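> Structure for the following, please:
(one chain, ligands or ions: 1)
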Amino acid sequence: MTPDPQVADFTPDRPVLFRGATVLSMDPSIGVLDGGDVLVRGDRIEQVGRDLAVPDNAVEVDATGGILLPGMVDTHRHMWQTALRGLGADWTLSQYFVFYYLNWGKIHRPADIHAGNVLSGIEALDAGVTTTVDWSHGLQTVEHAEAAVEALRSLPGRFVLGYGNILGAPWEWANDARFRAFVSEHFSAPDEMLGLQLAFDVTGDAEFPERGAFEAARDLDLPVTTHAGVWGATNDDGIRLMWEHGFMTPKVTYVHATTLTDDSYQRIAASGGTASVSTESEQSAGQGYPPTWQLRKHGIPVSLSMDTSVWWSADLFSAMRATLSADRSREHLEAHAHGETVVHNKLRAADVVEWATMGGARALGLDHLIGSLTPGKKADLVLIKNDRSPTMFPILHPYGHVVYQAGRGDVHTVLVNGELVKYRHELVGIDLDRARAEVAATVEHIRAGMGEEAWRECMAPEIPETELIPNPYTYADYRGDGVAVQHSEPS
Ligand SMILES: [Zn+2]
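Model prediction:
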């Protein structure tokens, strides 16, 4: 075996050949290849197969013992919030709303949006997420939006800016001349590395004020992404209003889509919309039970997302694992409620890998470019390989391995658009120290703006008292206080 190539060997003129991987192509016509090779030339995947001929001048990457899959796609991430990573670990959704919507969203400066976006984007790439929708609802001025775009363009990832502003009214900002000028300045030409969506929620107000924002999206021919079916926030009324006014189209992403009736799911399915499921978020924040068990029944296409790093991590290994488990958990609970036992799992590991790759690509209308290892598509790919890890062998069920065994630390190599972004577990050409300094300045600014008491309080929200259920048994020997076993009297 020749020694591993070095980072400097990956030059734009040299093809890259990954050799001997378990290839999860996510392309049904190719399937899974054991001992498979993938050849990348320029920004494209040229060939996928076994024992491919080595082109002249190729850089050969030994991928044996590893799994090659398409770059993962996250369809809903509030990247700006990564600047306060982990701050809200113990929040409920209402505490999150109070923090960002009412109290502290407004003290975020353009520089803070930039800092969060840079860190979030780096984190995504490091974890093999090559395309991310930046659900950017902290854009209270166009200067904030400029900072968001500057951050995304500074990174070697594929992004879609979901332009939003929770501090303003979407029917106003989406029709503001400054917003329109921003769109023409940055998005007048199609760009495969940075797309644009409108990001806003529909409250269900019978007057349907959001109509103006949907009309703006239609004028500008932009997809819409909206938090739908969020317990206590958005509900069936929003879906009905969108339907009645003709704004439900295949270009709408319904984020969470949890607390909805069959009627709303049917409208989503009939109009060709897709759902972005953030299982860890839904489980912890309370939007509703992670809905894939419902979405599957209605044939609604699913993509995965992580929502926000103010609570959770931002890697899709966690999303796949949580989603598969939540779906199965619900199937068991539903069966048990009828005295039945689930003897076959409907949702498979391969399905959640599909959602994390092709599902996201489809939701963004980018499935002709990314989402699978198909010759001719863009070379966004991830090699999961870690020869020093006891969890990376044996690889028997490769989809199951990705979902339940591997993690972000096993991401060995990442290419985006044919460019090397991570190699041998190290990011390439990324200035992490600069990102760290930017985020430190944001933390300092937010903390000072909030004041020490509010800052500490938001990490220690009140804990409601748990009432202990009366217990008829007494046995306290284990506590050493001499009380022997006492059987309760049968009643
Ligand atoms: Zn969200």
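
> contacting residues around the closest residue to Lys106 other than its chain neighbours?
The shortest distance from Lys106 to any non-neighbouring residue, by Cβ to Cβ, 6 or more residues apart in numbering, is to Leu167 (5.9 Å). No exception for glycine: its C-beta is placed from N, CA and C like everyone else's. With contacts defined as Cβ atoms under 8 Å, 6 or more residues apart in numbering, Leu167 is in contact with 101, 105-106, 138, 140.

> Narrow these to those that are buried.
Buried members of these, scored by 16 or more other Cβ atoms under 10 Å, are 105, 138, 140.

> Show me the helices in the stretch 251-400 of the chain, by range?
262-271, 279-285, 292-298, 316-337, 349-354, 360-363, 398-400 (DSSP state H, counting those that start in this stretch).

> got those as TSV, with distance to His78 columns?
As requested, the helices of the stretch 251-400 of the chain are arranged in TSV below (distance: least, Cβ to Cβ, whole Å):
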stretch	distance to His78
helix 262-271	22
helix 279-285	10
helix 292-298	21
helix 316-337	15
helix 349-354	22
helix 360-363	16
helix 398-400	29
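
> Switch the ones you listed over to JSON lines; also include mean neighbour count.
Listed next are those as JSON lines, based on neighbours: other Cβ atoms under 10 Å:
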{"stretch": "helix 262-271", "mean neighbour count": "18"}
{"stretch": "helix 279-285", "mean neighbour count": "23"}
{"stretch": "helix 292-298", "mean neighbour count": "19"}
{"stretch": "helix 316-337", "mean neighbour count": "19"}
{"stretch": "helix 349-354", "mean neighbour count": "22"}
{"stretch": "helix 360-363", "mean neighbour count": "28"}
{"stretch": "helix 398-400", "mean neighbour count": "20"}
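
> okay, the ones you listed in TSV with distance to Arg77 and mean pLDDT next?
Listed next are the helices of the stretch 251-400 of the chain as TSV, based on distance: least, Cβ to Cβ, whole Å; pLDDT from 0 to 100:
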stretch	distance to Arg77	mean pLDDT
helix 262-271	21	98
helix 279-285	10	96
helix 292-298	18	98
helix 316-337	10	98
helix 349-354	17	98
helix 360-363	11	98
helix 398-400	24	98
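
> I'd guessed Val342 sits against Leu333; true?
No - if you go by Cβ atoms under 8 Å, Val342 and Leu333 don't touch, sitting 9.6 Å apart.

> Which residue comes closest to Leu84 once chain neighbours are left out?
Excluding the flanking residues, the one nearest Leu84 by Cβ to Cβ, 6+ apart is Val310, at 5.3 Å.

> Next: Ala350.
Leaving aside its sequence neighbours, Ala350 sits nearest to Tyr399 (Cβ to Cβ, 6+ apart; 4.2 Å).

> Could you do Arg153 as well?
Counting by Cβ to Cβ, 6+ apart, the residue nearest Arg153 is Leu194, at 6.4 Å.

> hang on, the earlier thing: which one of the buried ones among the contacts of Leu167 is nearest Leu152?
Ranked by distance to Leu152 (Cβ to Cβ), the buried ones among the contacts of Leu167 are led by Gly138 at 13.9 Å.

> who wins for proximity to Ile45 among the helices of the stretch 251-400 of the chain?
Closest to Ile45 of those, according to Cβ to Cβ: helix 360-363, at 13.6 Å.

> one step back: okay, and which of the buried ones among the contacts of Leu167 map to helices?
Nothing among the buried ones among the contacts of Leu167 maps onto helices, per DSSP state H.

> Looking at these, which is nearest Ile463?
Of all the buried ones among the contacts of Leu167, Gly105 has the smallest distance to Ile463: 25.3 Å, by Cβ to Cβ.

> Closest to Ser271 out of the buried ones among the contacts of Leu167?
Using Cβ to Cβ, the shortest approach to Ser271 within the buried ones among the contacts of Leu167 belongs to Gly138, at 29.0 Å.
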